[in-house]
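1. Quick one, what's the 3D model for this:
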Amino acid sequence: MIEKDTIRLLRECDAGIKMGVSAISEVLDYTHDENLKKSLEGNRREHEALQEEITELLHAYHDEGKEPGAMAKGMSWMKTNIKLTLDDSDKVVADLITDGCDMGTKNLRRYLNQYQAADERSKDFAKRLIELEERLRADMREYL
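-> Okay, here's the model as predicted:
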């Protein structure tokens with residue numbers, strides 16, 4: 001049970017990281033404020049570093065990870081592009097990123113509760129990812 005829950009939790013973290021990197025990449029071209037852009041780029045680099053780490057963890061379990069759900073990714077892309085077509089302000093960028101962070105942390109907390117038998121290393125990884133999302137959310141406050 002421990003190994004199954006560990007792999008499942010890591011897969012969900014993997015999909016979440018991929019969604020985060022994709023979301024940040026989608027909004028960067030619409031960012032006007034240089035400090036906001038630097039914050040987003042820095043956070044994307046942190047996500048990418050976690051992506052490398054989780055890939056190694058998953059390979060140790062002979063698992064290839066998980067792609068974000070097509071429906072979730074499509075809906076996110078559509079929401080982002082519609083909102084930014086109507087208003088490409090930094091406020092909208094910050095709002096979209098804040099919503100994504102909220103969704104990500106909510107899902108990760110649910111998975112931590114769902115996969116309680118996961119090993120401590122994978123739980124710690126999920127908690128670090130939650131902290132990264134919460135820090136990005138806090139960074140967005142001044143732009144809302």
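2. Going by C-alpha atoms from here, please, whenever you check contacts or count neighbours.
-> OK.
3. Ile130 against Thr105, yeah?
-> Yes. Shown here, Ile130 and Thr105 form a contact pair, counting by C-alpha atoms under 8 Å, at 5.4 Å.
4. worst-scoring helix or strand of the chain, pLDDT-wise?
-> One helix or strand of the chain scores below all others by mean pLDDT, DSSP states H and E: helix 70-86, with a mean of 86.
5. And the residue nearest the centre of this structure?
-> By C-alpha atoms, centre = their mean, the chain has its centre lying nearest to Gly20, at 3.1 Å.
6. For Arg45, see how far away that residue is.
-> According to C-alpha to C-alpha, to the nearest Å, Gly20 stands 11 Å off from Arg45.
7. same deal with Glu53?
-> Distance from Glu53 to Arg45, by C-alpha to C-alpha: 13 Å.
8. likewise Leu108?
-> Distance of Leu108 to Arg45, given as C-alpha to C-alpha: 20 Å.
9. Of those two, give the one with the bigger neighbour count.
-> Taking other C-alpha atoms under 10 Å, Leu108 and Arg45 do not tie; Leu108 has more neighbours (21 against 13).
10. For the more buried one, grab phi and psi.
-> phi -60, psi -40 (degrees, to the nearest 10).
11. Which pLDDT value belongs to it?
-> With respect to pLDDT, Leu108 scores 97.
12. now it: how far from Cys101?
-> Applying C-alpha to C-alpha, the value for Leu108 to Cys101 is 10 Å.
13. now swap in Glu142 and tell me
-> Counting by C-alpha to C-alpha, the gap from Glu142 to Cys101 is 15 Å.
14. Who has more neighbours out of those two?
-> Each of Glu142 and Cys101 has its neighbours counted (other C-alpha under 10 Å); Cys101 has more, 23 against 9.
15. For that one, which three-state class applies?
-> Secondary structure assignment for Cys101 (DSSP: H, G, I helix; E, B strand; the rest coil): helix.
16. Verify the contact between it and Glu131 for me.
-> No. Cys101 is not in contact with Glu131 according to C-alpha under 8 Å; the separation is 10.2 Å.
17. Output the contacting helices and strands for the least confident helix or strand of the chain.
-> Counting contacts by 3 or more C-alpha pairs under 8 Å, 6 or more residues apart in numbering; DSSP states H and E, helix 70-86 is packed against helix 2-28, helix 90-114.
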